[in-house]
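S.K.: Show me the folded form of this:
(chains A and B)
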Amino acid sequence: MSLRNRLLLTLGLTLTLLWGLAAAWLMRDLHEELQSTLDQRLAQSARMAAGLVGTLPENAWKRAERPRLSIPAIAGLACQVRSPGGKVIARTHGDLDDVLAPQASGHSYRQVDGEYWRVFTYRQDGLTITTADRVNERDRLLRDVLLVTVVPFLVALVGSLVVLWAGIRRGLRPLSRLQRSLAQRQPNALAPVATQGLTAELRPLVDTLNALLLRIQRALAREQRFTNDAAHELRTPLTAIKTHLQIARRREGEAARQAQTSAEEGVARLQNTLEQLLMLARLEGDHEDQPPGDSLSDAVVEDALAALGPDARDTFLIDQPEQGIRLAAPHELVVTALRNLLENARRFSPARGSVRLILEQGDAGLDFMVSDRGPGVDDASLARLTERFWRHGAGRGSGLGLAIVATLAERFGGHLMVDHNRPHGLTVTLRLPKAVPG
Amino acid sequence: MHVLLIEDDDLVATGIQAGLADYDAVVDPVMTLADARAALRTFSSDVVVLDLGLPDGDGLNLLAEWRAAGVNVPVLVLTARDRISDRVTGLQGGADDYLLKPFDLDELAARLQALVRRVAGRSRALIEHGSLRFDPLARRLTLDECEISLPRRELMLLEVFLQAPGSVLTADQLKDRLYGMNDEVESNALNVHIHFLRRKLGSGVIETVRGLGYRLGDPAAIDAGQRNE
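M.R.: Numbers count the residues shown, from 1 in each chain, chains lettered A, B, ... in the order given. Below you'll find the predicted structure:
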């Protein structure tokens, strides 16, 4: 059920019910009030008649015993006065003796000839006075009063239902507009939803939606760029391989061998890029199925240096004040990360001893600080260093090294920071959390 | 044919250079957009091969820049981006042809020849000039149906003239097309080549336009040369 229909139904029913209850209550009160007022009128009439007859001299009713006193009828009211002897001495209607026959004092109902009467009997100084009025006349009076009361009630009820309907329609118009504009969108459209004319309640919703759309848009653009870059990085070495193989086939001797060597170099580059890409994909893939594992800082440094070739130990200056710090990340991955950092630094700062690795323990974890004395980068490039496939100049890396380290650091709750190394060069810091003891 | 190759991968660049050498093309490779800009300012190339992902920017930006500046050298875009929308963007951005990596060297050569041919206003691959016939791809030159074998530089020089019949070419323009940017050229090399061409194909095959340069001679002059020999 739509929100509008639900609102209309709930509010309409509640309103009708409340108005109905109020009307029923009012009617019951009115009915009781009217009955008691009319009963009072009966009683007062009887007492008034009694007072009047009582002031008459004794012989007045004696005389009247034969020609009965006839009282002019009050509208809707019958009255009869009997002497102590039971004779009727005065009455308003000659034909209502049955109705006005005396009985126990007080109010009562009486049915005569199929008509209901309300009768009041009053006794005073031997006189018996009965007054009566027709019940259906009372009912008619009640109906008239109710009609006068109920009609405005009904008008008010219907009026409020109409106002309710219009109000809900109007109030929900921003929602309908939003619904229409959403329904008209292409399923894969990522343009933001228009926010003008939106109410304060809807704005956060639409703003959140728009923010989400923007994020998706950016993610898609990033994916597209990644695909483009990956295609470029994979197809370029493939091109080199293909061209040089073609040349090797056409040439002879030294030229052919040269082309073959170039093709092999292309294969090595392609393999490197593929492995880095797979590594990145694995790091970004499902995290749950791999045990977190841990590693020791000195073993990591040892293995990373071993992977960088026999003369790596002379190339890098290593400052490792504390040994055997346990890290909350698997050994192979930390080795890969450190190797990437060192390899990167060496590429731009190949002189012996120009790359420094410092291990520094802090509260947050262990920092691997790699500083080179290469050309460094400008501020704009600094921010892009960890982007995938971003390469500084015409370097020969896959452009994935730092991206892999950054992804890896993030995955294990660490952090990768890049900064200028004054006066020139670059300092890259990999911070990894320490393993919780026990 | 002089090819300006803008490609940041050294392996691909050397491959293309070696591959196009078989078609007597002089290839000058540059690795950055900045170098490419400088190269085209000072050098006259027949065709440009442009890679898109370069270290200092996207090749399409350079292309747009050139086209806006009225540079109308034919450009073949070399790219790894294989989506149709990418190709359309490239072609609309001023590229004359599009080749997806990895490619075949023969196809690259054929496409470059086609671009040069179109600039010269020819629709056939074969060039005819009087009784001379030249197939640029096969590098075959015939005179009255007899095949003539010329040294590489001489054939390249003749090709330059055959590709631009009627135009006067300066000595610098001729040297640019014969040698790479970094080749050491001896001062009289061009004259030597022209001399040998005249001796083999007739003195009228290349006319000297005094004070300006050289021009392809009248088709009839070639027959004369043949008879003289």
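S.K.: where exactly do the helices run in the chain?
M.R.: I'll assume chain A. A:3-55, A:58-64, A:135-171, A:173-183, A:202-250, A:253-284, A:297-307, A:312-315, A:331-348, A:379-384, A:401-411 (DSSP state H).
S.K.: Not quite, go with chain B.
M.R.: Applying DSSP H to chain B gives helices spanning B:10-21, B:33-42, B:59-68, B:84-92, B:105-120, B:152-163, B:171-178, B:189-201, B:219-228.
S.K.: wait, which of the helices of chain A is closest to chain B?
M.R.: Checking the helices of chain A against chain B by C-beta to the nearest C-beta gives helix A:202-250 as the closest, at 3.2 Å. (Glycine included, C-beta is placed from N, CA and C.)
S.K.: touching chain B at all, that closest one?
M.R.: Yes. Judged by C-beta under 8 Å from any C-beta of the partner chain, helix A:202-250 and chain B are in contact via A:228-229, A:231-244, A:246-247, A:250.
S.K.: Now the buried members of those residues.
M.R.: Neighbour counting with 16 or more other C-beta atoms under 10 Å in any protein chain shown marks A:228-229, A:231-244, A:246-247 as buried within these.
S.K.: quick one on the thing from earlier: weakest of the helices of chain A by average pLDDT?
M.R.: With a mean of 64, helix A:58-64 has the lowest mean pLDDT of the helices of chain A.
S.K.: Residue A:83 contacts residue A:126, doesn't it?
M.R.: Yes. Assessed by C-beta atoms under 8 Å, residue A:83 is found in contact with residue A:126 at 7.2 Å.
S.K.: any idea how chain B splits into domains?
M.R.: What automatic domain parsing lists as the domains of chain B is B:2-120, B:127-228.
S.K.: Tell me which of the ones you listed is the most buried.
M.R.: domain B:2-120 (a mean of 19; mean count of other C-beta atoms under 10 Å in any protein chain shown).
S.K.: Would you work out how far apart the start and end of that one are?
M.R.: 14 Å (C-alpha to C-alpha, to the nearest Å).
S.K.: again with stretch B:51-64
M.R.: For stretch B:51-64, by C-alpha to C-alpha, the gap between its terminal residues amounts to 14 Å.
S.K.: Quick one: mean pLDDT over that stretch.
M.R.: Here the average pLDDT along stretch B:51-64 is 84.
S.K.: List the contacts of it.
M.R.: Stretch B:51-64 is contacted by residues A:228-229, A:232, A:391-395, B:6-9, B:12, B:31-34, B:36-37, B:50, B:75, B:77-81, B:89-90, B:93-95 when judged by C-beta atoms under 8 Å, 6 or more residues apart in numbering or on different chains.
S.K.: Run the chain-centre distance for that stretch.
M.R.: 22 Å (C-alpha atoms, centre = their mean, to the nearest Å).
S.K.: May I have the predicted confidence score for the spatially most central residue of chain B?
M.R.: A centroid search over chain B (C-alpha atoms, centre = their mean) returns residue B:1, at 2.1 Å, as the residue closest to the centre. Note for residue B:1: predicted pLDDT of 84.
S.K.: Tell me which residues touch it, please.
M.R.: Contacts of residue B:1 (C-beta under 8 Å, 6+ apart): B:23-26, B:46-47, B:112-113, B:116, B:136, B:156, B:159-160, B:163, B:177.
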